[in-house]
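Engineer: curious how this folds, go ahead:
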Amino acid sequence: NGIRRSRGNPSSSSIKSNSSNSNSDNGSMKGVNINPLVSSVKISATVEIFSKVKEMQASGIEVTSLCVGEPDFPPPGAVLEAAQKAILDGETRYTAVTGTVPLRKAIAEDLKKRKNLDYDPLTEIVVGNGAKQCVYQGVLATCGVGDAAVIPSPYWPSYPEMVALAGAHPIILET
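Structural biologist: Numbers count the residues shown, from 1 in each chain. Down below sits the predicted model:
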């Protein structure tokens, strides 16, 4: 028995069980129920474009990608050295969900130095693995079923889907 996803639209609820005991009426598989919200999620245009860019690059086509929010330059040498040192020092385990205290303190110091902003690194700074994760967690914490969330335009394509997954209604505000 195994699980496979059809090659069609990755956002469709096309996960199937290879077992003859699957129940296609309610989206469940032998012992596994798939949340109905999964079938309502639209594929991210950013993900589609980024995948196409990677395919083109893999086939030797030179592409300048503007579809994801990552810099087109390598990290500064100090960051690479710190990452290498951390790995060699065995700092490869999970950290606190909010990030390590030294990192949060460094962020607070940087914000003070560059922007003259004061934040308590222990209570006012949280480190996430990316903006999408942080925004989605903020939406989940503040929006509920039936709420409306105003999204200023232009916006990242994922934001309306994040709001919809929280059960809220996205309202696009042209700016």
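
Engineer: distance from the chain centre to stretch 88-107, please.
Structural biologist: 20 Å (CA atoms, centre = their mean, to the nearest Å).

Engineer: excluding its own residues, what touches that stretch? List them.
Structural biologist: If you take CB atoms under 8 Å, 6 or more residues apart in numbering as the criterion, stretch 88-107 is touched by 86, 119, 121-122, 125-128. From N, CA and C alone the C-beta is placed, and that goes for glycine too.

Engineer: same thing but 7 Å
Structural biologist: Residues from elsewhere that reach stretch 88-107, judged by CB atoms under 7 Å, 6 or more residues apart in numbering: 121, 125-127.

Engineer: among these, which ones are buried?
Structural biologist: Among these, those buried by neighbour count (16 or more other CB atoms under 10 Å) are 121, 125.

Engineer: strands of this structure, start to end?
Structural biologist: 3-5, 15-17, 28-29, 32-33, 148-153, 169-174 (DSSP state E).

Engineer: which one of the contacts of stretch 88-107 is nearest to residue 76?
Structural biologist: Closest approach between those and residue 76, by CB to CB: residue 127, at 17.7 Å.

Engineer: this completes my enquiry, with thanks.
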